[in-house]
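J.: Sequence unavailable; structure follows:
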């Protein structure tokens, strides 16, 4: 039986999540309002409020937003879009494959929303030139963005949240989720080619005209600031390298500077903030211009969510659910199965960010009775790939569908659901089998 | 369906804000809009003439013949303001004389242009106006798909002008495609 305070925390949690799903109120406002209520009711005391906010996640997101905003000013993304379009040489199948791969790779290292926001206009332009139905191309872009993002620590917000809370490193993500994302990406492309391959035909003459038109686009003209363009690429590469070595940076630095402690390690958020500081110093871009573009609403959304979930932790509701789950599963194999599939289908309804925020403390709680290390990966797999399930499951989906709608292309909920659910089941199923194999459970 | 569309719109607005408009603007510098991609059909061409046009341009007749099924409307404009000034400063007769002489010239020029165009199977219509050479063209032009402007149109020194101010101004002000010849 729930106590009054537990009931209140649960009501605030459910009401906030309903508001987030419906979005009649901005999701950041909904999360902040929910947080305000639990603080006001004393469910989360003011003194301990900050303890619930995962600043690792907030600062990692902030650092990456600064880097991406500076890079975006140089025309880097438009350059990538035009180059990708040219590489396809007028073939619709190549457009689908190349845009999917590029989207997956860029999403793995940069923000999914920015990636799809900048690649979608080019994809719509090409499909218009080809006089082909843009829906398969857009769907492939969405799914590739979610699959690619699953492959790295910084690729998708659920991974950032999991890594920050569980203390997982970039390399762990690359070695465990990277291969899963790669295999899932191949499977997704096969699915699209099997379903839509036949409808993606253009005559040789049309191909020639399309190639000529696309070749007339000047990718060099897309670069608004050549110096900034080079600096942005250099900083992004440096940040990626730092992510690779962040957990053992002391070992490398100790060789050059013997006074550095070999056990020194950097948090992923530190890497992002270092990268942000370097690009701001080096590029000489006006900082107020860049700070204005930081998605503060997203950061407040995360902070609000952490506090609302903190209320569930404080009141013992998470512990109750965790006890119930532990009673349901008898070993890691079953726990991974339940977490991966539950998070996948629940992400498809709720949005994978609030879902991950709620499941993280649950897994922490389960650590009292079992080794939860494999469970983090099951959560990452489910939350990221679950983003493919429905039109509202992940931010990338909303952005592509929103851009498409503005350009007169409608993807209905059912149209999305058919392909999205197929992608969800295949990617989570295959990913889970791979996780079992990696952890010697097969 | 309506709820779904509204939901996507709301979530898109909250996620993207005004970023997409900025990206659209950037992309418009590299890629054509749907309207730009559609070939512009030319059915009606306006060709204004005046006293400053001293000879028929064979090259423009040749160029206009490329627009199949297009009709060219020739308009000769005599400056009403000058006619009024002459009337006011000299007398009514002098004003009438000025207008008559200009119209005689206009009729000849229109005949020559009409011949030049019809000999290339370009259907054409002709009009003679007493009015303002710049304002009247700006007023009439929206009814046409293209405007071909003589380079010394409305110039006071047709022999020495490279391109007249009125020709430049019209080319800049008109929304339709223009040819200055």
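T.: Arrived safely, thanks for sending. This one's a predicted model, so the numbers in the text were calculated from it and none came from an experiment.
J.: When you work out contacts or count neighbours from here on, use the C-alpha atoms and nothing else.
T.: Will do.
J.: Residues touching stretch A:417-433, excluding its own?
T.: With CA atoms under 8 Å, 6 or more residues apart in numbering or on different chains as the test, stretch A:417-433 has contacts from A:139, A:143, A:180-181, A:184, A:187-188, A:337, A:340-341, A:344, A:378, A:381-382, A:385-391.
J.: in that stretch, what's buried?
T.: Residues A:417, A:419-421, A:423-432 are the ones in stretch A:417-433 that count as buried (16 or more other CA atoms under 10 Å in any protein chain shown).
J.: centre of the chain versus that stretch, how much separation?
T.: Between the centre of stretch A:417-433 and the centre of its host chain there is 17 Å, according to CA atoms, centre = their mean, to the nearest Å.
J.: got it, and stretch B:161-177?
T.: Average the C-alpha atoms of stretch B:161-177, do the same for its chain, and the two points are 8 Å apart (CA atoms, centre = their mean).
J.: and that stretch, which residues are buried?
T.: Buried-residue list, stretch B:161-177, by 16+ other CA under 10 Å: B:163-164, B:166-167, B:170-171, B:174.
J.: show me where the chain has strands.
T.: You didn't say which chain, so I picked chain A. For chain A, strands defined by DSSP state E do not occur.
J.: Chain B was what I was after
T.: With DSSP E as the criterion, chain B has strands spanning B:44-49, B:71-79, B:124-131, B:146-149, B:178-180.
J.: residue contacts, the residue of chain B found nearest chain A?
T.: As assessed by CA to the nearest CA, chain A sits closest to residue B:12 within chain B, at 5.5 Å. When contacts are counted by CA under 8 Å, 6+ apart, residue B:12 is found next to A:398-399, A:402.
J.: and the gap between the spatially most central residue of chain A and chain B?
T.: Using CA atoms, centre = their mean, the residue of chain A that lies closest to the mean C-alpha position is residue A:156, 1.8 Å off. Using CA to the nearest CA, to the nearest Å, one obtains 15 Å as the distance from residue A:156 to chain B.
J.: If you drop the residues flanking it in sequence, what lies closest to that residue?
T.: residue A:149 (4.8 Å; CA to CA, 6 or more residues apart in numbering or on different chains).
J.: what's around the nearest residue to residue B:175 once chain neighbours are set aside, how many residues?
T.: Taking CA to CA, 6+ apart, and ignoring the residues beside it in sequence, residue B:175 has residue B:142 as its nearest neighbour in space, at 7.8 Å. Summarising burial for residue B:142: neighbours were counted as other CA atoms under 10 Å in any protein chain shown, giving 14.
J.: hmm, back to that, I'd like the strands of chain B as JSON lines, with distance to residue A:10 appended.
T.: Written out in JSON lines, the entries for those read as follows (distance: least, CA to CA, whole Å):
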{"stretch": "strand B:44-49", "distance to residue A:10": "71"}
{"stretch": "strand B:71-79", "distance to residue A:10": "75"}
{"stretch": "strand B:124-131", "distance to residue A:10": "80"}
{"stretch": "strand B:146-149", "distance to residue A:10": "68"}
{"stretch": "strand B:178-180", "distance to residue A:10": "68"}
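J.: Switch those over to JSON lines; also include distance to chain A, mean pLDDT and mean neighbour count.
T.: Putting the strands of chain B into JSON lines (distance: least, CA to the nearest CA, whole Å; pLDDT from 0 to 100; neighbours: other CA atoms under 10 Å in any protein chain shown) gives the following:
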{"stretch": "strand B:44-49", "distance to chain A": "28", "mean pLDDT": "93", "mean neighbour count": "23"}
{"stretch": "strand B:71-79", "distance to chain A": "31", "mean pLDDT": "91", "mean neighbour count": "22"}
{"stretch": "strand B:124-131", "distance to chain A": "35", "mean pLDDT": "89", "mean neighbour count": "16"}
{"stretch": "strand B:146-149", "distance to chain A": "25", "mean pLDDT": "93", "mean neighbour count": "23"}
{"stretch": "strand B:178-180", "distance to chain A": "24", "mean pLDDT": "91", "mean neighbour count": "16"}
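J.: Out of these, which is closest to residue A:306?
T.: Distances from residue A:306 to each of the strands of chain B were compared by CA to CA, and the smallest falls on strand B:178-180, at 61.5 Å.
J.: Which residues does the closest one contact?
T.: Residues external to strand B:178-180 that are found in contact with it (CA under 8 Å, 6+ apart): B:146-151, B:167, B:171.
J.: Check the offset of it from the chain's centre.
T.: The gap between the average C-alpha position of strand B:178-180 and the chain average comes to 7 Å, counting by CA atoms, centre = their mean.
J.: residues from chain B in reach of chain A?
T.: Taking CA under 8 Å from any CA of the partner chain as the test, the list of chain B residues beside chain A reads B:1, B:4, B:7-12, B:14-16, B:20, B:23-24, B:27, B:30-31.
J.: Just those residues: which are in helices?
T.: Where the residues of chain B next to chain A overlap with helices, as defined by DSSP state H, the overlap consists of B:4, B:7-12, B:14-16, B:20, B:23-24, B:27.
J.: Tell me how far residue A:196 lies from residue A:184.
T.: The gap separating residue A:196 from residue A:184 is 18 Å, by CA to CA, to the nearest Å.
J.: okay, those two: which has more neighbours?
T.: Regarding residue A:196 and residue A:184, a neighbour count based on other CA under 10 Å identifies residue A:184 as having more, with 24 against 15.
J.: Return the residues in contact with the residue nearest the centre of chain B.
T.: When CA atoms, centre = their mean is applied to chain B, the residue found nearest the centroid is residue B:147 (3.1 Å). Under the criterion of CA under 8 Å, 6+ apart, the neighbours of residue B:147 are B:45-47, B:141, B:176-179.
J.: lowest-pLDDT helix or strand in chain B?
T.: Comparing every helix and strand of chain B by mean pLDDT, DSSP states H and E singles out helix B:34-37 as the least confident one, with a mean of 62.
J.: Please give me every residue in contact with residue A:385.
T.: For residue A:385, the residues meeting the contact criterion (CA under 8 Å, 6+ apart) are A:146-147, A:150, A:344, A:424, A:427-428.
J.: per-domain residue ranges of chain B.
T.: B:1-38, B:39-180 (automatic domain parsing).
J.: Off-centre distance for the longest helix anywhere in chain B?
T.: With DSSP H applied, the helix covering the greatest number of residues in chain B is identified as helix B:92-118. Going by CA atoms, centre = their mean, the spacing between the C-alpha centre of helix B:92-118 and its chain's C-alpha centre is 20 Å.
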